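S.K.: Next input, structure requested:
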Amino acid sequence: MQVRTVAVIGAGTMGSGIAQVCAQSGWQTRIFDVFPESLDRGVEKIFSFWDKGIEKGKTTVDEKEKWGLNLKACYDISEALENVDLVIEAVPEIMHLKKEIFLKIEDLVPKHAILATNTSSLPISEIANITNCPERVIGMHFFNPVPIMKLLELVKHEKCSKETIELAQSVGQEMGKETILVNDVPGFATSRLGVVLGNEAIKMLSQGVASASDIDTAMKLGYKHPMGPLELSDLVGLDVRRDILNSLAESFDDESYRPHPLLNNLVSEGSLGRKTNKGIYVWDENGKKERDDLPI
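M.R.: This is a model prediction of the structure:
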């Protein structure tokens, strides 16, 4: 099967990024969000990204116009799902919400459509098994910012068909992504490793081992990580990191995965990272700077 039309459900940071990459890949791309204002912001963010690319000489006006013609904002989910080949759900990491969406979209898409969920930690099998087509359900875990990050983590469950996996791999290749295939275990490969490293870095920060920037620099220069674990935690979202850690602790029945108290405190005070301009660092248009008021 060849993908020609894609629907992205959810227009937040991840959803808008996924829709942007789909439009740039040449597919007719429809993006839907239950909140019209969120949908408008998501589409505006995509065009703003293209405009910045033009300013930097990385994108042409012709490319922006061509990609823009591939992108359609849909305020009705039925319109978004009509005759699609692939659906990528990108709503918040709330299991009951994802289940509700999959039950709805299953009845509105063609029988050949692949149903993908962009989750960083939730079990794919639990989502797939509530549908009548678990063989067509797969995890497609993108990374933020989606237009820039090259990795696409594909997550297969026991009932996922070979055809679904192969199509997802082909889709990733057409997007210009490098795909990896992992089994449906808690945290998959990337989230499990990433959150444990980030949690340990937060623990070190709270113990006064080093400053946040020095801990990050240690991993960037010492281990060739493109971004330090603390700034990456801010980029992903401290609330997202906390929820993944709690999910791992419960799934493995292992309290060592529990988020460090400093992480819990930051989330409780509303310091969620770059999306709130304050997390482990303070963020502004000039980048990041150290905080001197961490709630340790």
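
S.K.: Quick check: Ser38 is in a helix.
M.R.: Yes. Assessed with DSSP: H, G, I helix; E, B strand; the rest coil, Ser38 lies in a helix.

S.K.: Based on its surroundings, how many neighbours for it?
M.R.: Using other Cβ atoms under 10 Å, Ser38 has 15 other residues around it. C-beta here means a position set from N, CA and C on the backbone, and glycine is covered the same way.

S.K.: What does the pLDDT read for it?
M.R.: Here, the pLDDT recorded for Ser38 equals 97.

S.K.: repeat for Lys99
M.R.: For Lys99, the predicted pLDDT is 97.

S.K.: who's in contact with Cys133?
M.R.: With contacts defined as Cβ atoms under 8 Å, 6 or more residues apart in numbering, the neighbours of Cys133 are 106, 111, 115.

S.K.: By neighbour count, which of the residues you listed wins?
M.R.: Leu115 (25 neighbours).

S.K.: Check the gap between Ala80 and Ile88 for me.
M.R.: Shown here: Ala80 relative to Ile88, a distance of 11 Å by Cβ to Cβ, to the nearest Å.

S.K.: Find the residues that touch each one of those two.
M.R.: Shared contacts of Ala80 and Ile88, counting by Cβ under 8 Å, 6+ apart, come down to 7, 9.

S.K.: Chain neighbours aside, what residue packs nearest to Thr60?
M.R.: Ile54 (6.9 Å; Cβ to Cβ, 6 or more residues apart in numbering).

S.K.: which secondary structure element contains that neighbour?
M.R.: helix 36-55 (DSSP states H and E).

S.K.: pretty sure Val171 is touching Gln2, no?
M.R.: No. If you go by Cβ atoms under 8 Å, Val171 and Gln2 don't touch, sitting 10.2 Å apart.

S.K.: who has more neighbours, the two?
M.R.: Val171 (25 against 8).

S.K.: quick one: contacts for that one?
M.R.: 3, 86, 140.

S.K.: Check Ala210 too.
M.R.: 204, 218.

S.K.: make it 10 Å
M.R.: 201, 204, 216-218 (Cβ atoms under 10 Å, 6 or more residues apart in numbering).

S.K.: so which two of these are the farthest from each other?
M.R.: Based on Cβ to Cβ, the longest span within the contacts of Ala210 runs between Met204 and Thr217 and measures 13.0 Å.
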